[in-house]
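J.: Curious how this folds, go ahead:
(one chain, ligands or ions: 1)
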Amino acid sequence: MSDHSTPAADPTAEAGLHVEFWEGLWIRISLVVIAVFVTALTLAAVLGNIQVPGVGGRVDPNALDAEGSRFADPGVRELAPGKYEVYVVAQAWAFNPNPIVVPEDSEVTFYATSRDIQHGFKVIDTNINMMLLPGQISTLKAVFDEPGTYNIICHEYCGIAHHTMYGQIIVEPADGAADAPEN
Ligand code: CUA
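T.: Sure thing, here's the model as predicted:
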């Protein structure tokens, strides 16, 4: 190919775009890197069961304690054997209820909101990571198949005592001490 001729004089100009070898190589490498990243992201999301917190509705942050409010009496509610709902109210600088106690192998749907300002709701060693905002109910589902104590931390800066804001989820063994934690 006459590489230094003008495009108009190049007989192959209309056959296709001429890409220099190194430029083409770097384009291919870039595409491979993007494909690797997208694949890694997809695998991590599927295998790690990553969920995006949902919006579970709206609530008046000034009426959380009002009669009929789902947050008037925060706590654990059993829907069916092994299925629970937990209502959580966050406020500077505590979570209510604390601790949250559920049995092993339970599927728990969290409904959480804030009474005052933004807070975080991250449960260590699980896929639960939500932001809690006044007026909004954040919801996420998790399965606790290993007994133990899971710490909840507030990971949104919420004032002078933000670093002291934490709670706990206690997952009790289904059959008492006889049930060895093996997995
Ligand atoms: Cu609540 Cu930081």
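J.: For this structure, list the residues in contact with the ligand, please.
T.: Neighbours of the ligand within the chain, by C-beta under 6 Å from any ligand atom: 93, 119-120, 154, 156-158, 162, 165. C-beta coordinates here come from the backbone N, C-alpha and C atoms, glycine included.
J.: same thing but 5 Å
T.: 119, 154, 158, 162, 165 (C-beta under 5 Å from any ligand atom).
J.: among the helices and strands of this structure, which has the poorest mean pLDDT?
T.: The weakest-scoring helix or strand in the chain, judged by mean pLDDT, DSSP states H and E, is strand 54-58 (a mean of 82).
J.: Wasn't Ile170 part of a strand?
T.: Yes - counting by DSSP: H, G, I helix; E, B strand; the rest coil, Ile170 is found in a strand.
J.: ok, how many other residues are close to it?
T.: Applying other C-beta atoms under 10 Å, we find 14 residues neighbouring Ile170.
J.: What segments of the protein are helices?
T.: Counting by DSSP state H, the chain has helices at residues 21-47.
J.: low-scoring stretches of it, by residue?
T.: 1-15, 176-183 (pLDDT under 70).
J.: Roughly how far does the residue nearest the centre of it sit from Thr39?
T.: Nearest to the mean C-alpha position of the chain, counting by C-alpha atoms, centre = their mean, stands Asn129 at 3.9 Å. The gap separating Asn129 from Thr39 is 23 Å, by C-beta to C-beta, to the nearest Å.
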